[in-house]
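# Pasted the sequence and its predicted model underneath.
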Number of protein chains: 2
Amino acid sequence: MQLQTPYLLFIGHATDPLSIKMAKSAADWSPEKCIGELRSEGCTVTTGLHAMDLNEGVAAGARSLVLGFANSGGHLDEEWLPMIHQAIDAGLDIISGLHDRLTSYPELVSAAQAKGVRLLDIRHPTKRLKTGKGYRRAGKRLLTVGTDCSVGKMYTSLSLTREMQQRGLDVDFRATGQSGILVAGEGIAVDCVVADFIAGAVEELAPANNADHWDVIEGQGSLAHPAFAGVSLGLLHGAQPDALVVCHALGRSSMRAIDNRPLPSLAETIAVNEQMARVTNPDAKVIGVAVNTSSVSEADALAYCREVETELGLPCVDAIRHGVSALVDRLEEI
Amino acid sequence: MQLQTPYLLFIGHATDPLSIKMAKSAADWSPEKCIGELRSEGCTVTTGLHAMDLNEGVAAGARSLVLGFANSGGHLDEEWLPMIHQAIDAGLDIISGLHDRLTSYPELVSAAQAKGVRLLDIRHPTKRLKTGKGYRRAGKRLLTVGTDCSVGKMYTSLSLTREMQQRGLDVDFRATGQSGILVAGEGIAVDCVVADFIAGAVEELAPANNADHWDVIEGQGSLAHPAFAGVSLGLLHGAQPDALVVCHALGRSSMRAIDNRPLPSLAETIAVNEQMARVTNPDAKVIGVAVNTSSVSEADALAYCREVETELGLPCVDAIRHGVSALVDRLEEI
């Protein structure tokens, strides 16, 4: 599945910055693949890219319309069907990361066939998966885990990969969600596989490799999240990680899309992830913490990270503000 | 989805008794719905029902052919397609609990349409699911959990349900796998839902109820199983159980379908299940142990159960040999 670029990033009338994660990820990590953003009335957030309407996007050379936003159920809001039809008529591929499939709409399928464009449901696995085995495999793997959903696991994973590449390490980023797939061009969205195959999908995504090779695997959800912990645990077992990095977002009062549920502490998150990881890797170890500190000042961010380092004895950074070299330093010691 | 009975239980050329769990479950728990078993050459196991060929089954009144066996990937072995075609031609519905869908074979679909019979993939959810929330809900729930797959969680759940019914308690069995669905006539196979919806599916399967009502929810897999722990954790969180019963099989040297992986101890299994259950129910408590002791003598089984009771301070029974009244006694105390 080759994704046609450049992308025109459609963000609907989103008002929650976390809901346009997919569009924002592509804009931040693959800006060379993006031509601009397409917004509807009422939209209060932005990818930071130049806003344009559909015709302007097509004129500027867009090859794909990306549905770059999501609700927590991953449903396709049918109010967008006319826009999708217009994009098809304009000759664009449509890329969706929703649970609902574009291909489940016969009228979209026939319109796409008539125009010779593709409907790409990138969250849906395209190959037959196997159940996991948990047998120890060669190569080294790092997995990002979290205190919650949407706390920066993908950004941290991409930052780590970039830093490791710059140091000349042999490393691959392994995408496990639709945003990562859009950035990397490949991967498996583990939250969308049939539940029996979560761990097996990750064993396939990050297979045995050279002894010195690192796979940096993008984490999903949180072991403490009442909706998604099953995905997180299957991913943890399938990843068989040597190293874990705990990701956290400062200033969040409740877990994503759940009322009145405080996030677990970093210490609890470290303990439960190391404990559960040992099912497939007895040596799994948290090597550092990455915090999204965007809700506080630069000074407060630094103070917070120093405090965490003192409390936990682990490097703690904001991947965006401070970079991740402290984490990679620690990684090179193991 | 109404399943047509009586069933003719097809067990192929199975040689592993655990692989015909689905057929055996129906024979044991709904014998009035079963007309006999259909075996192929080389089959060394049995449901205990009268063996008959397809024509004999049809003559005896069978209305559905049940594919009553499975490999761990849940794949449909195409060597059985001719047999399925014969059953369709004979006017039977086909019931499958495999991951692979009967309806993905166009030639089966057209044959079934021509004969006016149905292809029923009972493992696949038929309604749109939501993500879980973990909000406390009314009613009481019991979940069976295990040291491994295939250790008797469904048998224990059905035994508990029957015993509770006999005591006049308000109770429902909630099926979470294809075998349980075949017995109960309804349910959701949680290992076959899209991974994001595991917990949400269980919230829907066992919704809020009267304060004194019990749902007895069939468990799946094990938190210690490298392939299936994600399913088990999502099920645990969605069930929000007040009471847990740990199931175990005596004399098993390695976890199901995995080489060289000893089962966790009962004490470890209790600890990790209570710990992880607290994400959605801080009061979750293991109230007893159910062991499949069929590999040892009656005397050794009793001695083992007494030993467990002394060690753990919990009632321990073989549901088949001893009944589950000791477990329900403990349940009525909470």
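Nice, thanks for sending it over.
# Find the residue closest to residue A:330 in space, skipping its chain neighbours.
Leaving aside its chain neighbours, residue A:330 sits nearest to residue A:287 (4.8 Å; criterion: Cβ to Cβ, 6 or more residues apart in numbering or on different chains). Yep, even glycine has a C-beta here, placed from its N, CA and C like the rest.
# Residue A:254: how many residues sit nearby?
By the measure other Cβ atoms under 10 Å in any protein chain shown, the count of residues near residue A:254 is 12.
# sorry, that was for residue A:278
The burial count for residue A:278: 13, using other Cβ under 10 Å.
# same thing with residue A:197?
By other Cβ under 10 Å, 31 other residues sit near residue A:197.
# Give me the neighbour count for the nearest residue to it once chain neighbours are set aside.
Nearest residue to residue A:197, sequence neighbours excluded (Cβ to Cβ, 6+ apart): residue A:129, at 4.0 Å. Close neighbours of residue A:129, defined as other Cβ under 10 Å, add up to 21.
# Are we agreed that residue A:129 is in a helix?
No - the assignment for residue A:129, made by DSSP: H, G, I helix; E, B strand; the rest coil, is coil rather than a helix.
# residues in contact with it?
A:193-194, A:197, A:200-201, A:204 (Cβ atoms under 8 Å, 6 or more residues apart in numbering or on different chains).
# if you set the cut-off to 10 Å instead, what comes out?
A:188, A:193-194, A:196-205, B:73, B:99 (Cβ atoms under 10 Å, 6 or more residues apart in numbering or on different chains).
# same thing with residue A:251?
Contacts of residue A:251 (Cβ under 10 Å, 6+ apart): A:292-296, A:300.
# Can you give me the distance of it to residue A:198?
31 Å (Cβ to Cβ, to the nearest Å).
# any idea which helix or strand comes after the helix or strand harbouring residue A:107?
According to DSSP states H and E, residue A:107 maps onto helix A:106-115. Counting by DSSP H and E, the next helix or strand C-terminal to helix A:106-115 is strand A:119-121.
# Give me the sheet partners of that following strand and which way each runs.
The strands beside strand A:119-121 in its sheet (DSSP bridges) come out as strand A:93-96 (parallel).
# pLDDT on stretch A:75-93, on average?
Across stretch A:75-93, the average pLDDT comes to 95.
# neighbour-wise, which of the contacts of residue A:251 leads?
Compared across these, residue A:293 has the highest neighbour count, 26 neighbours, by other Cβ under 10 Å.
# mind listing what the spatially closest residue to residue A:124 that is not a sequence neighbour touches?
Spatially, and ignoring its direct neighbours in sequence, residue A:124 is nearest to residue A:192 (5.8 Å; Cβ to Cβ, 6+ apart). Applying Cβ under 10 Å, 6+ apart, we find residue A:192 in contact with A:74, A:97-99, A:121-125, A:176-178, A:201, A:231, B:194-197.
# taking the residues you listed one by one, which sit in helices?
Applying DSSP state H to these, the entries found in helices are A:178, A:201, A:231.
# For the first one, give me the pLDDT.
pLDDT for residue A:178: 93.
# And the helices in the stretch 1-150 of chain A?
A:21-29, A:54-59, A:81-89, A:106-115 (DSSP state H, counting those that start in this stretch).
# Comparing those helices, which comes out most buried?
Neighbour counts (mean count of other Cβ atoms under 10 Å in any protein chain shown) averaged over each of these peak at helix A:21-29, with a mean of 24.
# Tell me where the model's unsure across chain A.
Scanning chain A for pLDDT under 70 picks out A:72.
# For it, just list every one of the strands.
For chain A, strands defined by DSSP state E occupy the ranges A:7-10, A:34-38, A:64-67, A:93-96, A:119-121, A:140-146, A:171-174, A:214-217, A:243-249, A:285-292, A:316-317.
# so which of these is the most packed in?
Greatest burial across the strands of chain A, using mean count of other Cβ under 10 Å, falls to strand A:7-10, with a mean of 29.
# Can you give the distance of that one from its chain's centre?
Strand A:7-10 sits 17 Å away from the centroid of its parent chain (Cα atoms, centre = their mean, to the nearest Å).
# circling back to that earlier point, what about the helices of the stretch 1-150 of chain A, which gets the closest to chain B?
helix A:21-29 (14.9 Å; Cβ to the nearest Cβ).
# quick one: that closest one near chain B?
No - using Cβ under 10 Å from any Cβ of the partner chain, helix A:21-29 never reaches chain B; the gap is at least 14.9 Å.
# what's the one residue in the stretch 51-200 of chain A that gets nearest to chain B in contact with, if anything?
Going by Cβ to the nearest Cβ, chain B is nearest to residue A:134 of the stretch 51-200 of chain A, at 2.6 Å. Going by Cβ under 10 Å, 6+ apart, residue A:134 touches A:199-200, A:203, A:237-238, A:240, A:279-281, B:224-227, B:229, B:255, B:258-259, B:261.
# quick one: residue A:33 from residue A:49, how far?
Taken as Cβ to Cβ, the span from residue A:33 to residue A:49 is 11 Å.
# tell me, what's touching these two both at once?
Shared contacts of residue A:33 and residue A:49, counting by Cβ under 10 Å, 6+ apart, come down to A:7, A:9, A:26-27.
# Including distance to residue B:21, could the residues you listed go into JSON lines?
Shown next, in JSON lines, are the shared contacts of residue A:33 and residue A:49 (distance: Cβ to Cβ, whole Å):
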{"residue": "A:7", "distance to residue B:21": "47"}
{"residue": "A:9", "distance to residue B:21": "48"}
{"residue": "A:26", "distance to residue B:21": "45"}
{"residue": "A:27", "distance to residue B:21": "50"}
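# Residue B:163: which of the residues you listed is nearest?
Of all these, residue A:26 has the smallest distance to residue B:163: 56.5 Å, by Cβ to Cβ.
# Isn't that closest one up against residue A:36?
No - Residue A:26 lies out of contact with residue A:36 (Cβ atoms under 10 Å); the separation is 11.5 Å.
# Identify the contacts common to those two.
A:6-7, A:9, A:47, A:49.
# returning to that earlier point: tell me which of the contacts of residue A:129 is nearest to residue B:139?
residue A:196 (28.0 Å).
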